[in-house]
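Visitor: Test case, fold it:
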Amino acid sequence: MRGPTMILVRSILFGGLFFPWSTLCSIFVPISLIFPRKFMQTIVKVWGIGVRFLLKWVVGLSWRAEGLDNIPPGPCVIASKHQSAWDTMVFHVLLPDPVYVVKKELTRIPFWGWGFYKAGCVVVDRKAGAKALKHLVIGVQEALARGSQVVIFPEGTRTAPDQKVDYHPGIAAIYRDANVPVVPVALDSGLFWGRMAALKYPGEITIRFMEPIQPGGDRREFLGLLQGRVEGESAKLMAEKRARYPWLPAPRPAVENG
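Guide: Reported below is the predicted structural model:
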């Protein structure tokens, strides 16, 4: 049941169900505008639970979360590897009140764009230069003051499993000014649901929450420590999964983007 033909059939079936499900959930976004923010958060969580169901029973793809005890009980920053669209839904399933840092372009998505604002996401206009960094820090501080867990992808966008990019300096500015723990997160989702990839592969995604980096350190040292932990653990996870699931795509030569 895991040959190329079955993987293709399952992927097509998943797409045929995923998009209608996402559209159905988006209908409730305009309604959320007249309700408290929690209502929008619930919509996204229900959407994520539905996607999890489809992945498990259509694709044969499950996931496991490790190190949940490393998440502080209060406000914190979650700094995660970003390989897949899967990453955008999992934190709403795992965390009580996640708030994402998102690029402004995503707010142009019909209906869901309104939802980003309603959910309290920190929207960043990357074309705004220094103003964008200032807006990012202020937005994160406001979200933390509400008691939320701020989720940021330091790479800035989804990257292929074997692609290496420098982390954006925004996460270092947040670390300097927010004065909360930063939790590094490794994952291997891109092996199973890749960026711009039509095929979805069966298996088990692992998302690993590591020991928090406490505030107060040097931000340059912090950035190196964060990137080293996230990239190192993600590489270990991917190596384990490629050995376990021979039907996964073969590794590509590492590509580094500065």
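Visitor: for this structure, what's the longest helix?
Guide: helix 4-32 (DSSP state H).
Visitor: could you say what helices and strands that one packs with?
Guide: helix 37-54, helix 112-118 (3 or more C-beta pairs under 8 Å, 6 or more residues apart in numbering; DSSP states H and E). All C-beta spots, glycine's among them, are computed from the backbone N, C-alpha and C.
Visitor: Strands of the stretch 101-250 of the chain, start to end?
Guide: 122-124, 149-152, 163-165, 182-187, 203-209 (DSSP state E, counting those that start in this stretch).
Visitor: could you dump those strands to JSON lines with distance to L24, mean neighbour count and mean pLDDT?
Guide: As requested, these are arranged in JSON lines below (distance: least, C-beta to C-beta, whole Å; neighbours: other C-beta atoms under 10 Å; pLDDT from 0 to 100):
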{"stretch": "strand 122-124", "distance to L24": "25", "mean neighbour count": "22", "mean pLDDT": "92"}
{"stretch": "strand 149-152", "distance to L24": "24", "mean neighbour count": "25", "mean pLDDT": "98"}
{"stretch": "strand 163-165", "distance to L24": "33", "mean neighbour count": "16", "mean pLDDT": "91"}
{"stretch": "strand 182-187", "distance to L24": "27", "mean neighbour count": "25", "mean pLDDT": "99"}
{"stretch": "strand 203-209", "distance to L24": "24", "mean neighbour count": "21", "mean pLDDT": "99"}
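Visitor: Out of those, which is closest to A235?
Guide: With C-beta to C-beta as the measure, strand 182-187 is the member of the strands of the stretch 101-250 of the chain nearest A235 (8.5 Å).
Visitor: Now stretch 119-139: buried residues?
Guide: A119, G120, C121, V122, V123, V124, A132, L133, L136, V137, G139 (16 or more other C-beta atoms under 10 Å).
Visitor: hmm, back to that, and of the helices and strands packed on helix 4-32, who's closest to G147?
Guide: Checking those against G147 by C-beta to C-beta gives helix 37-54 as the closest, at 12.0 Å.
Visitor: how about that closest one as PDB, C-alpha atoms only?
Guide: C-alpha atoms of helix 37-54 as PDB (Å, rounded to 0.1, in the frame of the first residue of the first chain):
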ATOM      1  CA  ARG A  37     -10.400  36.500  19.300                       C
ATOM      2  CA  LYS A  38     -10.800  33.100  20.900                       C
ATOM      3  CA  PHE A  39     -13.500  32.200  18.300                       C
ATOM      4  CA  MET A  40     -11.000  32.600  15.500                       C
ATOM      5  CA  GLN A  41      -8.400  30.600  17.300                       C
ATOM      6  CA  THR A  42     -10.900  27.800  17.700                       C
ATOM      7  CA  ILE A  43     -11.600  27.900  13.900                       C
ATOM      8  CA  VAL A  44      -8.000  27.400  13.200                       C
ATOM      9  CA  LYS A  45      -7.700  24.600  15.700                       C
ATOM     10  CA  VAL A  46     -10.700  22.800  14.300                       C
ATOM     11  CA  TRP A  47      -9.100  23.200  10.800                       C
ATOM     12  CA  GLY A  48      -5.900  21.700  12.100                       C
ATOM     13  CA  ILE A  49      -7.600  18.700  13.700                       C
ATOM     14  CA  GLY A  50      -9.400  18.100  10.400                       C
ATOM     15  CA  VAL A  51      -6.200  18.200   8.500                       C
ATOM     16  CA  ARG A  52      -4.600  15.800  11.000                       C
ATOM     17  CA  PHE A  53      -7.500  13.400  10.400                       C
ATOM     18  CA  LEU A  54      -7.200  13.500   6.600                       C
END
